[in-house]
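Participant: fold the following for me, if possible:
(2 chains)
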Amino acid sequence: MSTTMMFWGYAAGFALIALFVGRLVAKNASLARRIDALQR
Amino acid sequence: MSERTSSALGRPAAIACGALFLAGALLLLWGAMLYAPTEKVMGDVQRIFYFHVPSAANAMLGFVLAGVAGLAYLATRRSGWDEIGRAAVETGTLWATIVLVTGPIWARSAWGTWWTWEPRLTTSLITWLIFLGAMLVRKVSHNAEQSARLASVIAIVGVLNLPVVYLSVHWWRGNHPMIFKRGAEGALAPEMWTAFVAGMIGVTLMHVALLYAAWRTAQLEDAVSARERLAEHEENGR
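Facilitator: So this is what the prediction gives:
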């Protein structure tokens, strides 16, 4: 029980970080598309 | 598009950020999983402490930076301060979310309940909601300058709330452990202190990498918006 809860604590924390990074990557991709549209 | 605005994070900076983040994550995991001894009463779940407390410290760091940037923005109206504030609110909220998720997972095992309305938990939740508000206000407003002003004010209010969060365990007696009180019950063993310091450094390194990436993205976002407004103006002028 104790080890399982520890695992879920770290897994949840790193999953939140992964979501944050994913959101940043998506935002950068969207900005790159807007730059392309401006340059056309 | 100028060199500065062609990408939020150039390749060398992206590699540096990735390396910094990885170094931080490995340091945290080494201290928490390999170096720290297993706590006798709580068992392995106590290792959440090495992630939870550094996350709380970094949430405060992000929020204080957001408050300072907000104050500077209101005083100068320079978009550079707003870009720093935006990035700091985002990373601060990320670490605060981690605190609010890892805390209940530990509490379920240690206290037998996911959540209790005790002072530290309640004030932490209020702070998280304040900074979430600072993020959301930018989503609902179409006026960038107005939303930047409002977000700055909310961030400053949030920072004023931070001492209440920190001192809540001293002002009102709750269940939350007080590890750093001199002579406190459950004070850390030397190996646990080393693991804790490793966690603090590790999470801070991860925070620096994420904050830099978020800040550069905010800069690029502003530059693209400015170019789009200019292009629209030129289009309308024809």
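Participant: residue B:173 is in what secondary structure piece?
Facilitator: Under DSSP states H and E, no helix or strand contains residue B:173.
Participant: what's the distance between it and residue B:188?
Facilitator: Distance from residue B:173 to residue B:188, counting by Cβ to Cβ, to the nearest Å: 21 Å. Every C-beta, even on glycine, is put in place using the N, C-alpha and C of the backbone.
Participant: please, where are all the helices along chain B?
Facilitator: Under the criterion DSSP state H, chain B contains helices at B:11-29, B:49-76, B:79-110, B:119-140, B:144-171, B:190-237.
Participant: need the contact partners of stretch B:36-51.
Facilitator: Under the contact criterion Cβ atoms under 8 Å, 6 or more residues apart in numbering or on different chains, stretch B:36-51 has outside partners A:1-3, A:5-6, A:9-10, A:13, B:28, B:31-33, B:98, B:102, B:105-106, B:109-110, B:179, B:189, B:191-192, B:194-196, B:198-199, B:203.
Participant: what is the burial count for the residue in chain A positioned nearest to chain B?
Facilitator: Nearest to chain B in chain A, going by Cβ to the nearest Cβ, is residue A:2, at a distance of 3.4 Å. When neighbours are defined as other Cβ atoms under 10 Å in any protein chain shown, residue A:2 has 18 of them.
Participant: repeat for residue B:116
Facilitator: For residue B:116, the neighbour count with other Cβ under 10 Å is 15.
Participant: same question, residue B:231
Facilitator: Around residue B:231 sit 12 other residues, with neighbours defined as other Cβ under 10 Å.
Participant: so it sits right up against residue A:38, yeah?
Facilitator: Yes. Residue B:231 lies in contact with residue A:38 (Cβ atoms under 8 Å); the separation is 6.0 Å.
Participant: just want to know which of residue B:173 and residue B:188 has more residues nearby.
Facilitator: Shown here are residue B:173 and residue B:188; by other Cβ under 10 Å, residue B:188 has more neighbours (16 against 11).
Participant: against residue B:83, how distant is the more buried one?
Facilitator: Distance of residue B:188 to residue B:83, given as Cβ to Cβ: 38 Å.
Participant: now the helices of chain B as a markdown table including mean pLDDT?
Facilitator: A markdown table is the format used below for the helices of chain B (pLDDT from 0 to 100):
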| stretch | mean pLDDT |
| --- | --- |
| helix B:11-29 | 95 |
| helix B:49-76 | 97 |
| helix B:79-110 | 96 |
| helix B:119-140 | 94 |
| helix B:144-171 | 91 |
| helix B:190-237 | 93 |
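Participant: close to chain B: what parts of chain A are there?
Facilitator: Proximity of chain A to chain B, by Cβ under 8 Å from any Cβ of the partner chain, involves residues A:1-3, A:5-6, A:8-10, A:12-14, A:16-17, A:20-21, A:24, A:27-28, A:31-32, A:34-35, A:38-39.
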